[in-house]
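K.L.:
Provided below are the primary sequence and the corresponding predicted coordinates.
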Amino acid sequence: MQAQAVWQQVAQVLVIVLLSPLLHGFIATLEEKVQRGQGPSIFQPYRDLFKWFRKEIVVPETASWIFWAAPIVAFSAMLTVPILIPVLTNYPLPLSDMGDILGGGLILTLGGFAIMVAGLDSGHPYGGLGSSREAMLAILAEPTLIMVFVGITLLAQAMLPFVVNHLLVASPAVFWSPAHLFLVAAFFILLTVETERLPIHSSIHYEIYMIGEARILEYSGPLLALLKWASWMKQAILYTIFLNVLTIPWGLSEQGTALGMIGATLALLAKWFALGLVMVFVDTSQSRLRFYRYQEPLALSFLMAVLAIVARQV
């Protein structure tokens, strides 16, 4: 039984590692088709990873050990979080009690912090620009994220994601309560910020709106592959938390059988693609905004989180 649980936990991590490029490829292809009528294959991220792992590593002369360590820290952090959250099963697995929702959030933040410091360490002007912008976003996003976690704690009287999942499945009254709906709205706005789907972001190289891409502009070869893969895994992890814990807590394996795990994987892919469609609509239906308007969506998200806490206490 213990060996079966270990394999289930390994399967959860592998689903995030192996399918996160597919999620990114689906969203990137859909965005290109909406904007230009054609786009790359949804399997293009796998080809990019294969290409980058075969290329040579070029390191700036001004870079220190931080430049080398950041990709490994970021990738390792993304390998840890799937152990703590319900990816395929609706019950905790052997190592799931290592941390709660707040612990998972801190590990995700650690990966982002490592990349931000590496952007400064490279000495490239764009690296400093991207890191400073990311820090400005984090100053407002992190308090909002903590407020969302506080709201979830008050809602479920626990910070374990499996407890929240069971509560929302068992109690339709809680699922449709104003407190839960406000939390969903607040988390969705945070999701657009953390996955760079706000119209203040740009993934095009050497554009003034670069944020995330600017931090890793000096990376190449396998180090760039690790950073890109880690960012796609972060997107898949945040989507999974939003869907399997807060929004669509159904479709998870209850017994842990092989058939149930395969069904849960297919259900997760369907949920990812549905949320990806919504994200593409959000990203492509708005005109490009000035960077300094980033406070508006984050302020709205913070207000939603506060309203969720107030609604729960009334």
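P.N.:
Okay, I see it.

K.L.:
And the helix or strand hosting Ala186, what's buried?
P.N.:
Under the criterion DSSP states H and E, the helix or strand holding Ala186 is helix 178-194. Counting neighbours by 16 or more other C-beta atoms under 10 Å, one finds that the buried residues in helix 178-194 are 179-180, 182-183, 185-194. For every residue, glycine as well, the C-beta is placed using N, CA and C.

K.L.:
I'd like the residues you listed as TSV, with pLDDT and distance to Leu259 appended.
P.N.:
Output for the buried residues of helix 178-194, formatted as TSV (pLDDT from 0 to 100; distance: C-beta to C-beta, whole Å):
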residue	pLDDT	distance to Leu259
Ala179	91	36
His180	92	31
Phe182	93	37
Leu183	92	33
Ala185	93	35
Ala186	92	36
Phe187	92	31
Phe188	92	32
Ile189	89	37
Leu190	88	35
Leu191	89	31
Thr192	87	35
Val193	83	38
Glu194	82	34
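
K.L.:
Return the residues in contact with Leu246.
P.N.:
Under the criterion of C-beta atoms under 8 Å, 6 or more residues apart in numbering, the contact list for Leu246 reads Ile152, Val164, Leu168, His180, Leu183, Val184, Phe187.

K.L.:
all helices of the stretch 201-314 of the chain, in order?
P.N.:
Counting by DSSP state H, counting those that start in this stretch, the stretch 201-314 of the chain has these helices, from start to end: 212-215, 221-240, 258-284, 295-313.

K.L.:
Of the ones you listed, which is nearest Ala69?
P.N.:
Minimum separation from Ala69 across those (C-beta to C-beta) falls at helix 221-240, 10.2 Å.

K.L.:
For Ala3, find the nearest of the helices of the stretch 201-314 of the chain.
P.N.:
Smallest distance to Ala3 across these (C-beta to C-beta): 13.9 Å, for helix 258-284.

K.L.:
Now that closest one: buried residues?
P.N.:
Along helix 258-284, the positions that meet the burial threshold by neighbour count (16+ other C-beta under 10 Å) are 260-261, 264-265, 267-268, 271-273, 275-276, 279-280, 282-283.

K.L.:
Also stretch 129-138?
P.N.:
Residues Leu129, Gly130, Ser131, Arg133, Glu134, Leu137, Ala138 are the ones in stretch 129-138 that count as buried (16+ other C-beta under 10 Å).

K.L.:
contact partners of that stretch?
P.N.:
Outside stretch 129-138, the residues within contact range by C-beta under 8 Å, 6+ apart are 109, 112, 116-117, 119-120, 193, 210-215, 217, 291, 294, 298.

K.L.:
Cool, thanks, signing off.
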